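Novice: Compute the structure for the input listed below.
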Amino acid sequence: MHSKKPGIGYLRIILILLALLCVALWIGVPAVNTFIQQSISAFASLDQHAIERFIDSYGAQAATVSFFLMILQAIIAPLPAFLITFANASLFGAFWGAVLSWSSAMAGATLCFYIARILGRDIVEKLTGKTVLQSMDTFFARYGQHTILICRLLPFVPFDPISYAAGLTSIRFRHFFLATAIGQLPATLVYSWAGSMLTGGTFWFITGLFTLFALSVVVFVAKNLYRERQKRNS
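Specialist: Numbering: from 1, shown residues only. This is a model prediction of the structure:
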């Protein structure tokens, strides 16, 4: 665990006030409430095309809506972010869709990191679930400073709980940011390429291939880490 800096108390107050403002907008402003409800409904369908239609319905503001949709799913950790990546690629093309997905995912990861660092473990457990957070702790205990990069390469490791868990450690933000930026780039590029070209059964076939590729990368990295540790202990 990291030691708390004096400014954390002020940041905590600001974050709590912002959270209260968001709740007030959610309850008191019908447009905000409708947006959140429709966003959650689109996610719950687990249908890329439903999310795509939802984003596209905002016309000229579609890219901004997609950006905030990624932020929303970052806070509500169980929602699958890759569906937004596919929708972005279909709507904006492989390149600009990837840029939008990568930048918004980075913003979401940053938000999760600082929510954890400022508000602490109790709040994070409420957002992610205690069991999920404990499984993230296991990754950090096993891989140490390499955890973030390794987990970002694995599409079946939850993206946002890793960000929350990192905020509870002593890792510096710049190290977290760099590892996340590099680690999520391959997945973003592959999903954006696939999302701009593929649908249906081919979509899941490509997703499966990428999962196997990412797993092989992690196994390779893990073997190298193990060998390095063995050399240091010998």
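Novice: alpha carbons only for contacts and neighbour counts from here, please
Specialist: OK.
Novice: Break down this protein into its helices, ranges please.
Specialist: Under the criterion DSSP state H, helices of the chain are mapped to 8-28, 30-44, 48-56, 62-75, 82-92, 94-119, 121-128, 130-143, 147-152, 159-167, 173-197, 200-233.
Novice: Could you identify which of those is most buried?
Specialist: Comparing those by mean neighbour count (mean count of other C-alpha atoms under 10 Å), helix 159-167 comes out on top with a mean of 27.
Novice: what's it in contact with?
Specialist: For helix 159-167, the external contacting residues (C-alpha atoms under 8 Å, 6 or more residues apart in numbering) are 74-75, 77, 108-110, 112-117, 124, 128, 132-133, 136-137, 148, 151-152, 176.
Novice: Check stretch 138-145 too.
Specialist: For stretch 138-145, the surrounding residues in contact (C-alpha under 8 Å, 6+ apart) are 147, 171.
Novice: what distance separates that stretch from the centre of its chain?
Specialist: With C-alpha atoms, centre = their mean, to the nearest Å as the basis, stretch 138-145 stands 18 Å off its chain's centre.
Novice: Dump it to CSV, keeping only the CA atoms.
Specialist: Extracted in CSV, the C-alpha atoms of stretch 138-145 (Å, rounded to 0.1, in the frame of the first residue of the first chain):
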residue,chain,number,x,y,z
THR,A,138,-3.0,-12.1,-6.9
PHE,A,139,-1.7,-10.8,-10.3
PHE,A,140,0.2,-8.0,-8.6
ALA,A,141,1.7,-10.4,-6.0
ARG,A,142,2.8,-12.8,-8.8
TYR,A,143,4.1,-10.4,-11.4
GLY,A,144,5.0,-7.2,-9.5
GLN,A,145,5.8,-4.2,-11.6
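Novice: and the helices of the chain as JSON lines, adding mean pLDDT?
Specialist: Shown next, in JSON lines, are the helices of the chain (pLDDT from 0 to 100):
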{"stretch": "helix 8-28", "mean pLDDT": "67"}
{"stretch": "helix 30-44", "mean pLDDT": "75"}
{"stretch": "helix 48-56", "mean pLDDT": "85"}
{"stretch": "helix 62-75", "mean pLDDT": "88"}
{"stretch": "helix 82-92", "mean pLDDT": "87"}
{"stretch": "helix 94-119", "mean pLDDT": "91"}
{"stretch": "helix 121-128", "mean pLDDT": "85"}
{"stretch": "helix 130-143", "mean pLDDT": "83"}
{"stretch": "helix 147-152", "mean pLDDT": "84"}
{"stretch": "helix 159-167", "mean pLDDT": "88"}
{"stretch": "helix 173-197", "mean pLDDT": "84"}
{"stretch": "helix 200-233", "mean pLDDT": "58"}
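Novice: pretty sure residue 98 is in contact with residue 189, am I right?
Specialist: Yes - Residue 98 lies in contact with residue 189 (C-alpha atoms under 8 Å); the separation is 6.0 Å.
Novice: what is in contact with these two at once?
Specialist: When C-alpha under 8 Å, 6+ apart defines a contact, no residue borders residue 98 and residue 189 alike.
Novice: Contacts only, for residue 62.
Specialist: Residue 62 makes contact with 55, 56 under the criterion C-alpha under 8 Å, 6+ apart.
Novice: how close does it get to residue 183?
Specialist: Separation of residue 62 from residue 183 (C-alpha to C-alpha, to the nearest Å) stands at 26 Å.
Novice: How about residue 193?
Specialist: Going from residue 193 to residue 183 by C-alpha to C-alpha gives 17 Å.
Novice: Over to residue 37?
Specialist: For residue 37, the distance to residue 183 equals 31 Å [C-alpha to C-alpha].
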